[in-house]
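Q: mind looking at a prediction? Sequence and model below.
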Amino acid sequence: MRSETDTEAVQAALQPVADSAKDLPWSEERPWRVDSHVHEENGVVVIDLHDLNARLSKTVLASVTELAPEFHGGGVIFITGRGRHSVGLPVLRRIVLGTLVRLEREKGWRQRDLGAGRILLVVDEERIPSRYRGHMPLWIPAFFVVFACALVWALPLKVGLPLLMLVSWFAVGVWRAGRHRPKGITWEE
């Protein structure tokens, strides 16, 4: 017997939202359906909140929050868009960010802005695909090491050596802060 995937579980849980979305004024031209607005991308469930109003978006967030700890992909991506159809500030983005900030405080989950109106909720850092982890790409520190060495080489020894020591101290601090923490250990401890 095949077990239910994360996407199938979310689609089943959000079917009542899709039924309620049929009553929205724009549902004739832009219907919200689970088969078109809930899918998987790189092992993570993606929920497109376009074509939902604020009330139904809150319902989606509440439903997904209940399921999220069981996700094999370790998280979920919410597509809020850029808010071009909102009057004033982007409504869906504010709702999603407000909920995810509360979940960060209450449950210790993390959120990441993926850009282009996409927000990732990370429930379990161990299960989230590596492309979505909060690790710094290797080319960034490598660039700064090469830049610091070139700067030290170009400057007089009296300036270059203290600068190299300062850059090394900073690099070690960044490295220590970014090291993988064992599961269960938080910044507060």
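A: Everything's here; your move.
Q: in this structure, which residue is most central in space?
A: Centrality entry for the chain: nearest residue to the mean C-alpha point is L120, 2.1 Å, by CA atoms, centre = their mean.
Q: that one and W109 touch, don't they?
A: No: the criterion here is CB atoms under 8 Å, and L120 misses it with W109 at 10.4 Å. Every residue, glycine included, has its C-beta placed from N, CA and C.
Q: so the residue nearest to the centre of the chain belongs to a strand, correct?
A: Yes: L120: assigned to a strand according to DSSP: H, G, I helix; E, B strand; the rest coil.
Q: who touches it in this structure?
A: Counting by CB atoms under 8 Å, 6 or more residues apart in numbering, L120 touches 44, 75-78, 111-114, 132.
Q: how much space between D124 and V46?
A: 17 Å (CB to CB, to the nearest Å).
Q: let me redo that: L67
A: Taking CB to CB, one finds L67 at 14 Å from V46.
Q: helices of this protein, start to end?
A: 6-13, 15-21, 34-37, 54-67, 91-107, 139-154, 157-178 (DSSP state H).
Q: right, and these - which one's nearest E28?
A: For E28, the closest of the helices of the chain is helix 15-21, at 11.5 Å, according to CB to CB.
Q: and that closest one, what does it pack against?
A: Here helix 15-21 touches helix 34-37, helix 54-67, going by 3 or more CB pairs under 8 Å, 6 or more residues apart in numbering; DSSP states H and E.
Q: any low-confidence regions in the chain?
A: 1-3, 82-89, 134-136, 177-189 (pLDDT under 70).
Q: domain parsing of it, as residue ranges.
A: Domain assignment for the chain by automatic domain parsing gives 6-132, 139-178.
Q: endpoints of the first one, how far apart?
A: Separation of the first and last residues of domain 6-132 by CA to CA, to the nearest Å is 17 Å.
Q: return the distance of it from the chain's centre.
A: Centre-to-centre, domain 6-132 and its host chain are 11 Å apart (CA atoms, centre = their mean, to the nearest Å).
Q: same check on the shortest one?
A: Chain-centre distance of domain 139-178: 31 Å, with CA atoms, centre = their mean.
Q: buried stuff in that domain?
A: The neighbour-count check on domain 139-178 (16 or more other CB atoms under 10 Å) flags 148, 152, 160, 164, 167 as buried.
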